[in-house]
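Undergrad: coordinates only, sequence not included:
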């Protein structure tokens, strides 16, 4: 009886800690003085030859999907990535996110491409997990499809956290 009670107590503690941890919003001030809010990127896709990390970034007015693909093209070629992102959600629809910016961060060791989520699609993105992303990676192999294997619901979790904060 004591072991059962102890086991249930441990599960409740770990379960509640995980639910609080999923809204670990970070922020940083950009060079222009504006504040952005973000989560640490989560791995959506990983193989021996390529990977894709993803997270949501917001300035509290607009929401962006930030992709960190590996491998990525050299800076001169990568700055030419201007195509939109096509992302397929679990509702069996494809959504086009407008290219916003391509950045090389952390001393150019990470490439990050920002795509703007249309305000009319925010609700859908906060309900349905991501299934596939199609990206035109100039300088590599043209259109690169990522069939998400890991953390498919990460966009949903992160958007729910941000939208919940806005309601307060």
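TA: Sure, I can see it. These figures come from a predicted structure and were not determined experimentally.
Undergrad: contacts only, for residue 118.
TA: Contacts for residue 118 (C-beta atoms under 8 Å, 6 or more residues apart in numbering) come out as 95, 97-98. Bear in mind the C-beta positions are built from the backbone N, C-alpha and C, glycine included.
Undergrad: any stretches of this structure with poor pLDDT?
TA: Counting by pLDDT under 70, the chain contains low-confidence ranges at 1-22, 137-142, 168.
Undergrad: please spell out which residues along the longest strand seen in it are buried.
TA: Ranked by residue count, the top strand of the chain under DSSP state E comes out as strand 94-105. By neighbour count, with 16 or more other C-beta atoms under 10 Å as the criterion, the buried positions of strand 94-105 are 95, 97, 99-100, 102.
Undergrad: find the centremost residue of the chain, please.
TA: Against the mean C-alpha coordinate of the chain, by C-alpha atoms, centre = their mean, the closest residue is residue 55 at 2.2 Å.
Undergrad: can I take it that it is in a strand?
TA: Yes: Residue 55 sits within a strand when classified using DSSP: H, G, I helix; E, B strand; the rest coil.
Undergrad: what ranges do the helices span in the protein?
TA: With DSSP state H applied, the chain shows helices at 2-21, 75-78, 122-125, 154-167, listed in chain order.
Undergrad: ok, now how distant is residue 158 from residue 66?
TA: Relative to residue 66, residue 158 is positioned 10 Å away (C-beta to C-beta, to the nearest Å).
Undergrad: just to revisit the earlier point, the residue nearest to the centre of the chain touches residue 66, doesn't it?
TA: Yes: shown here, residue 55 and residue 66 form a contact pair, counting by C-beta atoms under 8 Å, at 5.2 Å.
Undergrad: shared neighbours, these two?
TA: With contacts taken as C-beta under 8 Å, 6+ apart, residue 55 and residue 66 have 38, 41 as neighbours in common.
Undergrad: from the buried residues of strand 94-105, which is closest to residue 38?
TA: Of all the buried residues of strand 94-105, the one sitting nearest residue 38 is residue 100; the distance, using C-beta to C-beta, is 13.9 Å.
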